[in-house]
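# sharing a model prediction with you, sequence too.
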Amino acid sequence: MAVIAIGGIGDRAAPGQSGPTPAPKRSEATAWNYGPVPAALAAFYRPPAALAAAAPGTLFAEQKLAAPEYHGSAYRVSYASRSLKGRPVSVTGMIIVPEVPAPAAGYPVLSWAHGTNGMGDACAPSLYPASAAPPNANDLLDQGVEIVATDYEGEGTSGDLPYLAGASAAHNTIDIVRAARDLPEAHASSDYVVWGYSEGGQAAMFSLDVARTYAPELHLKGDVAGGAPSQFEHLYSVLKRTSAGYYLLMVAIGLNQAYGNQALPLDQLLTPAGMALVPKLERVCIGYFVAAELGQISIDRTVKADPFTIAAWRKVLEANDPQYLRNASTAPLLLVQGGTDDIVPTASTASLAKHECAIGQHTELWDYPRLDHSWALVGSAPDVVQWIGDRFAGSTASDPPASGAKYAAQKTVCTGS
C-alpha cells in the first residue's frame, strides 16, 4: 500500500543510485497534503445532475490539460461508475492520448490503478497531471498505447474513499476505459490491460475477477498486479507492529464507507481514540508530512480487537481479499513483488500466485530480490511495459527482457487450465 501516486515514492535512494529522491518543498506539498479540492476546480469534481440515469463509463466532462511531461494530449475527465453495492457514483481521472497516429481499430488502452495516496479529496491524482500516470508512461505512449488513470470513487469527488473495497476500485478502473471510448479525441479501442500497484494491485486483482461479466463489450488482454495486498489476516499482524499502522485505520474507514455503518459499525472496531482520528484520516493525503499531521498511531490504543475475531468484519475482509477470489480469466495475470518488501511480504504474494494457479489462472510471478515495496514499481516498470506491449501484440512471451532491465527478476510461471 505504497505512497506512490503523489509526491514521488519517498526520500530514500533507489538501489544503485548515489543520492536520495528530492522531497518537495512544503510550499509545493501543502496543496495535496490536506483538505478539499481547490476552489477553482470544485465544480468539475462535483457529481453532475445526470448521474442517477447514467450508464457506467458515461463521460460527463473533460478538460484538456497542459501536460508537457507526456508524449501525448492529456485530459482530466469526470465519468460514471458503480459503487461496490451498484450505486451510481461519479469518478474523476485522466486520459492521455498518444501523439502517434491511431490505428484503424483505435488505440489499445492501459488502465492504471494507483497506489495508496490518502483518503482526502485533495489526494486525487488528476489534480496533479505530472504524477497521475504510471512509471515509464512515455514508453507506452510512444508504442501507441493510450493511458487512462482513475482517481477512484471518493478521491476528489463526494463521499469517502472506499479504501480496499475491491469491487469498487475494479469498477472505477474498468469504467474509465469505457469513458475513453466516449471521448472522440481519444480514439480508444475495446482492447485494454490493467496495471495496478499496491492499493492498485488489489484493484487489478478484482478487475481481473469481474471484467468478463462487468464489461463484456471490452476485451481484457492482460492484468498486472504489483505489490498487491492479500492474506489480510497476516497483513494485519505485520502492519500493526510498524509505523504504518494508519493503513489499518484507513481500511476500517474505507470498508465502513463501502458497506455502511449498519452492516459494519466503525465503533465496533475502533476505540474512542481511533474514532477521533477518523475525520483527519478522511481529509489527509499520505506523503512527506503525514507524521506531522497524524502523529504516531498506536494500534493498541486505536483498535478495540483483532478485526478477524469480529464476525461482520472478518466476512467483509475476506470478501475483499484477493486470496479468496475464485474466477479464472482467459487474460494472463502478472504478479510483481519486491524481494525486500516490508509492507506486502514476499510470502504473501507467493501464496497468492499459488492460489491463482490452483484455480486455473495463467499466472506469472516476477520477484525483484533487491527492491522494496516502493522501488519494485519503478524497478520493474521497463519489464512491465514490455509485457504490456506484448499482450497487445498478441505475443505469448512470458519472460521480461533478458537485457536492458536495470534489476533482474526471479520468474515463476504456471499456465493455468
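That came in fine, so what should we check first?

# Phe308 touches Arg314, doesn't it?
Yes: in this structure Phe308 lies within contact range of Arg314 using Cβ atoms under 8 Å: 4.9 Å. Quick note: C-beta positions are derived from backbone N, CA and C, even for glycine.

# I'd like the next helix or strand past the helix or strand hosting Lys354.
Counting by DSSP states H and E, the element that carries Lys354 is helix 346-358. Toward the C-terminal end, the helix or strand that comes next after helix 346-358 (DSSP H and E) is strand 363-368.

# parallel or antiparallel, list what pairs with that following strand.
As defined by DSSP bridges, the strand partners of strand 363-368 come to strand 333-338 (parallel), strand 410-414 (antiparallel).

# report all helices and strands that the helix or strand hosting Ile176 contacts.
In the assignment (DSSP H and E), Ile176 maps to helix 166-181. Of the remaining helices and strands, those touching helix 166-181 by 3 or more Cβ pairs under 8 Å, 6 or more residues apart in numbering; DSSP states H and E are strand 72-82, strand 88-98, strand 107-113, strand 146-150, strand 188-197, helix 199-214.

# in CSV: these, plus distance to Thr330, mean neighbour count and mean pLDDT.
CSV is the format used below for the helices and strands packed on helix 166-181 (distance: least, Cβ to Cβ, whole Å; neighbours: other Cβ atoms under 10 Å; pLDDT from 0 to 100):
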stretch, distance to Thr330, mean neighbour count, mean pLDDT
strand 72-82, 23, 24, 98
strand 88-98, 26, 26, 98
strand 107-113, 17, 28, 98
strand 146-150, 22, 28, 98
strand 188-197, 13, 27, 98
helix 199-214, 8, 25, 98
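
# mind checking which of these is nearest Ala376?
Evaluated with Cβ to Cβ, the helices and strands packed on helix 166-181 place strand 188-197 nearest to Ala376, the distance being 8.2 Å.

# give me the beta-bridge partners of the residue nearest to Ala67 when sequence neighbours are not counted?
Leaving aside its chain neighbours, Ala67 sits nearest to Ala74 (3.7 Å; criterion: Cβ to Cβ, 6 or more residues apart in numbering). Here Ala74 sits in beta bridges with Leu65, Ile96, as judged by DSSP bridges.

# correct me if wrong: Ala74 contacts Ser126.
No: between Ala74 and Ser126 there is no contact, the gap being 9.5 Å when judged by Cβ under 8 Å.

# what do these two both touch?
When contacts are counted by Cβ atoms under 8 Å, 6 or more residues apart in numbering, the set common to Ala74 and Ser126 consists of Met94.

# for the residue nearest to Ala52 when sequence neighbours are not counted, what are its contacts?
Closest residue in space to Ala52, ignoring its immediate chain neighbours: Pro88 at 5.7 Å, by Cβ to Cβ, 6+ apart. With contacts defined as Cβ under 8 Å, 6+ apart, the neighbours of Pro88 are Leu51, Ala52, Ala54, Ala80, Ser81, Arg82.

# before we move on, what about Gly389?
Contacts for Gly389 (Cβ under 8 Å, 6+ apart) come out as Leu140, Gln143, Val145.

# which one of those residues is nearest Gln202?
Nearest to Gln202 among these is Leu140, at 22.0 Å by Cβ to Cβ.

# which helix or which strand is home to that closest one?
For Leu140, the enclosing helix or strand under DSSP H and E is helix 137-142.

# so where is the stretch 151-300 of the chain shaky, pLDDT-wise?
Per-residue confidence of the stretch 151-300 of the chain (counting by pLDDT under 70) places the weak regions at 287-295.

# so which of the strands paired with strand 363-368 is the most packed in?
Mean neighbours per residue, mean count of other Cβ atoms under 10 Å, is largest over these for strand 333-338, with a mean of 27.

# relative to strand 188-197, how tilted is it?
If you take axes from the mean of the first three to the mean of the last three Cα atoms, to 10 degrees, strand 333-338 sits at 30 degrees to strand 188-197.

# contacts for strand 333-338?
Applying Cβ under 8 Å, 6+ apart, the set of residues contacting strand 333-338 is 197, 201, 208, 222-228, 344, 346, 349-350, 352-353, 356, 361-368, 371-377, 379-380, 384, 387.

# do that again at 7 Å, thanks
By Cβ atoms under 7 Å, 6 or more residues apart in numbering, the list of residues contacting strand 333-338 from outside reads 208, 222-228, 346, 349, 352-353, 356, 361-368, 371-373, 375-376, 380, 384, 387.
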